[in-house]
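[1] got a predicted structure plus its sequence, pasted below:
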Amino acid sequence: MNVFIGGSRAVSKLNAVIRVRLDDLIKRGCTILIGDANGADKAVQQYFAEHEYPNVTVFCMEECRNNVGAWPTRRIEPPNDRKDFSYYAAKDIVMAREAQCGVMLWDAKSKGTLQNMLNLVGAGKRTLVYFAPTKDFHVLGNEHDLHMLLARCRKRDLDAASSGLGLNTPLTQPHLPLRLS
């Protein structure tokens, strides 16, 4: 099973709760699809490298910023030359498409991680979200589950993320359909 793991740059330390979930993926022999950013990507890469786990593919743009375990890489064609949000989000879109499910480590602020959650849930793919403010996991199986998690976020953080993503539907209004990319 292909599992897309991603997360916020602010989530750079893996606590015992997260490590247990990663250990479960190792036990099940899942194929890990992960990006090359600092923060959650690099921390998870480090964990899998320490466990000498081979079933990892690192997705990057032109140059890989982090590939701690020297795993195979997938270079994704950039949508433009500017190294902006859409440039780095291009690899996340491919990972979300190729994965059967996702694991996101979210600080309740990161618009990139939120976009990944929206893409996965919008494609009907179950997503396990580590919610850093409460240090626990939440299963997202549908839009309702996502709205329940978003209701636990600070309004100003969600508004900033929504604005950064250019969403038409305010994420702070429950029970409205999400506009997924």
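    Cool, the structure landed. Numbers count the residues shown, from 1 in each chain.
[2] how about the strands of this protein, start to end?
    Per DSSP state E, the chain carries strands over the ranges 2-7, 31-34, 56-60, 73-75, 101-106, 127-131, 136-140.
[3] hang on, I76 packs against V94?
    Yes. With contact defined as CB atoms under 8 Å, I76 reaches V94; the gap is 5.5 Å. From N, CA and C alone the C-beta is placed, and that goes for glycine too.
[4] neighbour-wise, which of the two wins?
    Counting neighbours by other CB atoms under 10 Å for I76 and for V94 shows that I76 has the greater number, 19 against 16.
[5] tell me who's in contact with that one.
    Taking CB atoms under 8 Å, 6 or more residues apart in numbering, we find I76 in contact with 59-61, 90-91, 94.
[6] list the buried residues in the lowest-mean-pLDDT helix or strand in the chain.
    Taking mean pLDDT, DSSP states H and E as the measure, the chain has helix 155-165 as its least confident helix or strand, at a mean of 84. Within helix 155-165, the residues scored as buried using 16 or more other CB atoms under 10 Å are 157-158, 161-162, 165.
[7] likewise stretch 45-55?
    Buried, per 16+ other CB under 10 Å, within stretch 45-55: 45, 47-48, 53.
[8] tell me which of those fall in helices.
    Judged by DSSP state H, helices contain the following of the buried residues of stretch 45-55: 45, 47-48.
[9] just send those residues back as TSV, with distance to T127 and pLDDT too.
    Compiled in TSV, those are given as follows (distance: CB to CB, whole Å; pLDDT from 0 to 100):
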residue	distance to T127	pLDDT
Q45	20	98
Y47	19	98
F48	19	98
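[10] which of those lies closest to S86?
    Q45 (23.4 Å; CB to CB).
[11] one step back: dump the strands of the chain to TSV, plus mean pLDDT.
    Output for these, formatted as TSV (pLDDT from 0 to 100):
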stretch	mean pLDDT
strand 2-7	98
strand 31-34	98
strand 56-60	98
strand 73-75	97
strand 101-106	98
strand 127-131	98
strand 136-140	97
